[in-house]
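Q: give the three-dimensional model of this entry:
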Amino acid sequence: EEPNLEKQKSELVIRVAAGKRQLVELEDQILKLLSESTGSLLDDAELVDTLQQSKITSEAVTQQLVEAELTEKKIDLARSGYRSAAVRSSLAYFVLDDMSRVDSMYQFSLDA
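A: A predicted model of the protein is given here:
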């Protein structure tokens, strides 16, 4: 098949997982800042910066999920192209394997 697509998909999965972990950390930080905040929330610069960072990270993770989905569709399409050859090959293998049960003359060796 195409190993570059498989590699790209696994890299995207790792990046998406890292992005989701970062989102969880940002959410925890936002909750902490909200609980510690006194006065107007808009005056807290750290809270506003954290919210903006959370939005940027969320958009990046969403984009990576879309890329992962497209890559998965490419991989499935490439795999489906090999499916008919795999079916015929497995059929030929099992027919040849069963021939030895019909008559011992049909036994063969890879060395021959």
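
Q: C-alpha only now, for contacts and for neighbours.
A: Will do.

Q: just to check, Leu12 is in contact with Val66?
A: No: the criterion here is CA atoms under 8 Å, and Leu12 misses it with Val66 at 9.9 Å.

Q: neighbour count for those two, which is higher?
A: Set Leu12 next to Val66 and count neighbours by other CA atoms under 10 Å: Leu12 wins out with 20 against 13.

Q: identify the residues contacting the more buried one.
A: 64-65, 67-68 (CA atoms under 8 Å, 6 or more residues apart in numbering).

Q: just put these in CSV and tack on secondary structure.
A: Formatted as CSV, those follow (DSSP: H, G, I helix; E, B strand; the rest coil):
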residue, secondary structure
Gln64, helix
Leu65, helix
Glu67, helix
Ala68, helix
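
Q: format the residues you listed as TSV; extra columns: neighbour count, pLDDT and distance to Gln52.
A: Listed next are the contacts of Leu12 as TSV, based on neighbours: other CA atoms under 10 Å; pLDDT from 0 to 100; distance: CA to CA, whole Å:
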residue	neighbour count	pLDDT	distance to Gln52
Gln64	18	83	19
Leu65	17	81	20
Glu67	16	82	23
Ala68	20	79	25
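
Q: show me which of those is closest to Leu77.
A: Ala68 (14.2 Å; CA to CA).

Q: what's the separation between Val16 and Met99?
A: Distance from Val16 to Met99, counting by CA to CA, to the nearest Å: 50 Å.

Q: which one's more surrounded, these two?
A: Neighbour totals were compared for Val16 and Met99, and Val16 leads with 19 against 14 (other CA under 10 Å).

Q: my guess is that one meets Val66, correct?
A: No: the pair Val16 / Val66 is not scored as a contact, 10.2 Å apart, by CA under 8 Å.

Q: where does pLDDT dip in the protein?
A: 1, 108-112 (pLDDT under 70).

Q: before we move on, what SS does the residue nearest the centre of it have?
A: Central residue of the chain (CA atoms, centre = their mean): Val13, 4.2 Å from the mean position. At Val13 the chain is in helix, as set by three-state DSSP.
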